[in-house]
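*Asks:* Test case, fold it:
(one chain, ligands or ions: 1)
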Amino acid sequence: MRVKIAVYPGTFDPITLGHLDIIRRGAHLVDKLVVGVTTNPAKEPMFTTAERLAMVQREVKGIPGNLDVVEFDSLLMDFAEAQGASMILRGLRAVADFEYEFQMAGMNQQLNDDIETIFLMADVSLQPIASKLVKEIARFGGSIDKFVTPAVAVDVRKHLNSGS
Ligand code: ADP
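*Replies:* Below you'll find the predicted structure:
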């Protein structure tokens with residue numbers, strides 16, 4: 001029987017409770033879930049790729065299932081193929097996500113029609129969470145404890161206190 005592998009790609013800058021919920025749901029559906037951490041220099045991430053990779057590895061430890069966390073800086077479809085994946089997992093939040101995700105799924109389909117993009121929704125309470133807003137709230141001294149794990153909140157605060 002063919003093993004069902006999915007890739008969940010993202011910047012995870014930082015990983016939020018929304019991401020973790022999607023990972024938990026995704027890991028449940030497939031034989032193996034590969035969380036792909038993109039280098040994504042265009043987004044000018046707060047955390048380096050190595051920091052994000054270590055953060056995601058630490059945060060997914062408690063999630064049941066066969067999970068792997070891998071860094072990648074290639075074309076997503078090439079990465080997915082190299083991982084032996086037949087699915088790309090994405091999370092959908094509000095309407096705002098739809099247009100970008102729709103376009104990306106459509107173009108990825110043209111690149112490789114054998115790999116299907118699957119969309120999952122996080123728990124309703126976690127849907128509004130976005131890494132970008134978490135960073136903004138933290139920069140202005142607000143509490144991010146409802147949006148990330150305690151360890152990630154510490155990482156973000158440490159980063160801001162170090163002035164980088
Ligand atoms: P990207 O840089 O590709 O947008 P992100 O790290 O922001 O990567 O997010 C990765 C994926 O997780 C995307 O599909 C995004 O829509 C999804 N996602 C992020 N936050 C949430 C959330 N709160 N609920 C559901 N999906 C989410």
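
*Asks:* Give me the neighbour count for Ile88.
*Replies:* 24 (other C-beta atoms under 10 Å). C-beta here means a position set from N, CA and C on the backbone, and glycine is covered the same way.

*Asks:* Just the residues contacting stretch 58-74, thanks.
*Replies:* Under the contact criterion C-beta atoms under 8 Å, 6 or more residues apart in numbering, stretch 58-74 has outside partners 9, 15, 20, 23-24, 27-28, 31-39, 49, 53, 56-57, 79, 82-83, 149, 151-152.

*Asks:* next one: stretch 20-30
*Replies:* Contacts of stretch 20-30 (C-beta under 8 Å, 6+ apart): 4-6, 8, 33, 35, 59-60, 63-67, 87, 89, 91, 118, 120, 122-123, 126, 149.

*Asks:* Identify the single longest helix in the protein, thanks.
*Replies:* helix 95-111 (DSSP state H).

*Asks:* Residues of the chain that sit close to the ligand?
*Replies:* Proximity of the chain to the ligand (C-beta under 6 Å from any ligand atom) is limited to residues 10-12, 16, 18-19, 22, 90-91, 93, 97, 122, 126-127, 129-131.

*Asks:* Buried only: go through those residues for me.
*Replies:* For those, a burial check counting by 16 or more other C-beta atoms under 10 Å picks out 10-12, 16, 18-19, 22, 90-91, 93, 122, 126-127, 129-131.

*Asks:* returning to what we had before: counting by contacts, list what the longest helix of the chain packs against.
*Replies:* helix 76-82, strand 87-91, strand 116-120 (3 or more C-beta pairs under 8 Å, 6 or more residues apart in numbering; DSSP states H and E).

*Asks:* Of all the residues in the last one, which ones are buried?
*Replies:* Buried positions in strand 116-120, judged by neighbour count with 16+ other C-beta under 10 Å: Thr117, Leu120.

*Asks:* Could I get the buried residue list for the helix or strand just after that strand?
*Replies:* Following strand 116-120 in sequence order, the next helix or strand is helix 131-139 (DSSP states H and E). For helix 131-139, the neighbour count (16+ other C-beta under 10 Å) marks Ser131, Val134, Lys135, Ala138 as buried.

*Asks:* Let me see the contact set for the last one.
*Replies:* In this case it means Ala138. Applying C-beta under 8 Å, 6+ apart, the residues contacting Ala138 are Ile144, Val156, Arg157, Leu160.

*Asks:* what do you get if the cut-off is 6 Å, keeping everything else the same?
*Replies:* Residues in contact with Ala138, defined by C-beta atoms under 6 Å, 6 or more residues apart in numbering, are Ile144, Val156, Leu160.
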